[in-house]
Structure formats: structure tokens, C-alpha cells
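Enquirer: Turn this into a structure:
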Amino acid sequence: MRALQVSQLAPDHAGCAIADLPRPEPGPGEVRVRVRAAAVNFPDLLMTRGAYQLKPELPFVPGLEFSGEVDAVGARVEGWAPGDAVIGGNRFGAMAEYCIVPAATLRRKPAALDWATAAACPVAYLTAYVALVRCARVAPGDWVLVHGAAGGVGLATVDLARGLGARVIAAASSAAKRDAIAALYAPDAVIEAAPGFRQTVKALTEGKGADVIFDPVGGDVFDESTRCIAFGGRLLVVGFASGRIPEISVNIPLIKGFSVVGVRAGEYGRRFPERGAENIAAVDALAESGAIRPHVHAVLDLADWRAGFAMLERREVVGKVVLTP
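Expert: Residues are numbered from 1 along each chain as shown. Predicted structure coming up:
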């Protein structure tokens with residue numbers, strides 16, 4: 001099978017190359033999937049140089065999420081048969097024509113999604129759902145400020161928050177990204193992600209501040225977000241794309257009465273399996289009904305993986321880049 005293989009951890013993805021590998025065989029409880037589309041995520045890029053917390057043994061195939069068809073099932077697998085259309089997430093392995101995954105991690109592909117949009121859905125929308133519904137308990141009418149709103153997870157959060165009836169402020173770094181967000185999802189406001197955004201947020205919310213702030217950026221963005229969050233608000237810590245992990249004096253949330261909440265969607269599902277299954281079912285139902293609409297920035301052949309990685313590194317992507325093995 002054709003696969004993108006990481007044989008050496010090196011800068012600029014120098015240890016990556018398309019390779020012809022043996023087709024893997026599923027073991028007990030496993031399923032082999034013919035991958036039709038694999039989304040590109042920042043952790044994939046970080047893994048190629050050993051800069052992510054998960055460090056697979058070399059050599060390995062990157063790729064966190066995918067869509068495809070069941071190709072073969074291992075022993076003790078029930079409920080899946082060759083030809084079933086599925087979506088799924090795995091720690092790595094999706095950027096190949098075939099991947100092996102535990103049967104329990106698969107879900108049926110919503111018929112409303114094509115291969116590319118289905119591959120763009122699992123990680124981003126599950127993170128958005130856990131953040132907004134489980135961690136922030138978003139209610140209709142709440143003001144939700146989404147930082148990094150053009151990224152895969154940020155854009156999913158804008159989409160989902162709108163579907164949940166929230167009033168959404170999307171913050172993005174460039175005019176092109178802001179125009180794209182406005183055209184795709186028509187949030188209540190799209191603002192520049194530049195120092196001083198707190199004044200804009202305060203003005204939009206008539207001085208109250210945002211009830212929920214979704215922050216995958218960290219650094220100065222987190223610091224300023226503490227100045228425009230409503231009393232009783234929830235500041236969701238999702239990541240640190242800025243490169244700086246911020247710190248906060250606890251007198252600030254004490255005086256302003258807000259909570260700082262960490263969001264780890266995968267860990268949430270591992271800690272609370274029943275609720276994790278409910279989260280996945282809810283996301284899939286929303287996708288099937290058309291209430292959420294994943295956006296794909298570009299669909300590229302697996303051979304063009306470097307171009308796809310570069311799009312993320314240049315931060316020009318709105319939504320997700322998808323590779324087709």
C-alpha cells in the first residue's frame with residue numbers, strides 16, 4: 001500500500017516520504033479500513049519532528065482522523081462488515097491507503113457528509129462539542145468568543161456554537177480569513193485577532209463581556225481574554241498555538257467570578273465512556289441533520305502531502321486540509 005512514512009524525526013519533515021508498505025492485517029478486535037480521506041492536523045506535523053507529546057516508535061505513519069470503508073475485520077469483531085462507510089480517529093496511521101484501528105473507535109459515516117468533509121469532522125467537532133456543551137454548558141443567547149476561528153477546531157466551534165443558538169464572535173488574524181468565516185457561517189461578529197480586541201468584545205456585548213471564550217491560542221490572547229469575560233463566564237483552555245503557555249494570578253478569576261476550564265476531548269471520553277459515546281452520537285446526529293457543516297479548505301493527493309503541511313504551517317487554512325491516499 002502507499003503511505004506517508006516517518007522514518008526519522010527531523011526539521012522540515014525531512015524524515016518523511018511516500019513509501020510502498022505491506023498491507024497490514026487486522027488482529028483480534030481490529031478493523032482494516034480502506035482510507036478515502038485523511039485530514040491534516042497540527043499534531044501530525046509536530047510528530048514528524050518529535051515535538052508532540054505522543055512519540056510513536058519509528059517508523060510510523062502519521063494521521064489522526066479519516067473516513068473510508070471497512071476492508072477486513074479481525075477476530076471477535078461484531079457490527080462491522082466489509083463495505084461499511086466509516087469515520088474514525090486514531091493516534092496515528094491514517095495517511096495511508098489502509099489503516100488498522102480498534103473496532104470500538106469506528107463510527108458510521110453520516111450520509112450527509114462526503115469522504116472529505118467526513119474526514120474533517122471527528123477531531124474538530126468532538127473537541128468543539130466537549131468544550132461548548134460539557135465544559136462550558138453553553139445556553140442559547142450566550143455570547144461565545146472563538147479565538148483561532150479559522151483553524152480546524154476554531155471553525156468547528158463557530159459552526160457548532162451557532163447551531164446551539166449562541167451569539168458568536170469569531171476572531172481571526174487576516175482579512176481573508178475573516179471574510180471566509182463570515183461567508184461560511186455568518187457569525188454575529190467577525191473581529192480582528194489583534195491586541196485591543198477586548199474593547200471590541202465589550203462593545204459588542206454592551207459592556208458585559210463574553211460568557212464563553214474558546215482559546216486554542218494562549219499567550220497574550222489568553223491574558224487579554226481575562227479582561228473581556230463576563231462575570232460567571234467560562235474561559236476554555238484548548239491549546240497554545242502562540243507558543244507561550246500563559247499564567248494567571250488567581251485573584252483575577254476570584255474578583256471577576258469566572259472559571260478557567262481545560263478542554264481535553266479525548267481524555268474526557270476515556271474518563272467518562274458513557275458520556276463520551278453520547279458526545280460522538282450527538283456530533284454525528286448534528287452532521288446528519290445538516291445542523292453542522294464541516295468545511296474543507298483543500299483536497300490533495302497523498303503525494304502532495306508536503307503542500308498540505310505547508311498550508312498549515314503558513315496558517316492560511318480555513319477549516320481542514322484533506323489528503324486522499
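
Enquirer: which secondary structure element contains Leu236?
Expert: strand 229-237 (DSSP states H and E).

Enquirer: The lengthiest helix in the chain: which residues count as buried?
Expert: In the chain, assigned by DSSP state H, the helix with the most residues is helix 273-289. Using 16 or more other Cβ atoms under 10 Å as the test for burial, helix 273-289 gives Gly276, Asn279, Ile280, Val283, Asp284, Leu286, Ala287. C-beta here means a position set from N, CA and C on the backbone, and glycine is covered the same way.

Enquirer: Next: stretch 15-22.
Expert: Gly15, Cys16, Ile18.

Enquirer: Whichever strand or helix holds the last one pairs with which strands?
Expert: Under the criterion DSSP H and E, the helix or strand holding Ile18 is strand 16-20. Using DSSP bridges, the strands paired with strand 16-20 in its sheet are strand 2-6 (antiparallel).

Enquirer: I'd like to check what contacts the partner strand. Which residues are they?
Expert: 15-21, 47-48, 56, 58-63, 95-97, 302, 305, 323, 325 (Cβ atoms under 8 Å, 6 or more residues apart in numbering).

Enquirer: Please report the number of neighbouring residues for Arg2.
Expert: Neighbour count for Arg2, taken as other Cβ atoms under 10 Å: 16.

Enquirer: Okay, it and Ala298: tell me how far apart.
Expert: For Arg2, the distance to Ala298 equals 19 Å [Cβ to Cβ, to the nearest Å].

Enquirer: Spatially central residue in this structure, please.
Expert: Ala124 (2.5 Å; Cα atoms, centre = their mean).

Enquirer: Checking my notes, that residue in a helix, right?
Expert: Yes - assessed with DSSP: H, G, I helix; E, B strand; the rest coil, Ala124 lies in a helix.

Enquirer: Who are the contact partners of it?
Expert: Gly152, Val153, Leu155, Ala156, Pro294, Lys320.

Enquirer: show me where the stretch 1-150 of the chain has helices.
Expert: 42-47, 115-119, 122-129 (DSSP state H, counting those that start in this stretch).

Enquirer: Now do the longest one, average pLDDT.
Expert: Mean pLDDT, computed over helix 122-129, is 94.

Enquirer: try the first one
Expert: The pLDDT scores in helix 42-47 average 92.

Enquirer: Stretch 88-108 too?
Expert: Stretch 88-108 comes out at a mean pLDDT of 93.

Enquirer: okay, it in PDB with CA atoms only?
Expert: Taking C-alpha atoms only, stretch 88-108 is exported to PDB below (Å, rounded to 0.1, in the frame of the first residue of the first chain):
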ATOM      1  CA  GLY A  88     -12.700   7.400  12.900                       C
ATOM      2  CA  GLY A  89      -9.800   8.800  14.800                       C
ATOM      3  CA  ASN A  90      -6.600   7.100  15.800                       C
ATOM      4  CA  ARG A  91      -3.400   8.400  17.300                       C
ATOM      5  CA  PHE A  92      -1.600   7.900  14.000                       C
ATOM      6  CA  GLY A  93      -1.700   5.700  10.900                       C
ATOM      7  CA  ALA A  94      -4.400   7.400   8.700                       C
ATOM      8  CA  MET A  95      -2.200   8.800   5.900                       C
ATOM      9  CA  ALA A  96      -2.100   5.600   4.000                       C
ATOM     10  CA  GLU A  97      -4.300   3.600   1.700                       C
ATOM     11  CA  TYR A  98      -5.200   1.300   4.600                       C
ATOM     12  CA  CYS A  99      -5.100   1.600   8.300                       C
ATOM     13  CA  ILE A 100      -5.700  -0.600  11.300                       C
ATOM     14  CA  VAL A 101      -7.900   0.700  14.100                       C
ATOM     15  CA  PRO A 102      -9.700  -0.800  17.100                       C
ATOM     16  CA  ALA A 103     -13.300  -1.700  16.000                       C
ATOM     17  CA  ALA A 104     -14.600   0.200  19.000                       C
ATOM     18  CA  THR A 105     -13.200   3.500  17.800                       C
ATOM     19  CA  LEU A 106     -15.100   3.500  14.500                       C
ATOM     20  CA  ARG A 107     -18.500   5.100  13.800                       C
ATOM     21  CA  ARG A 108     -20.700   5.100  10.800                       C
END
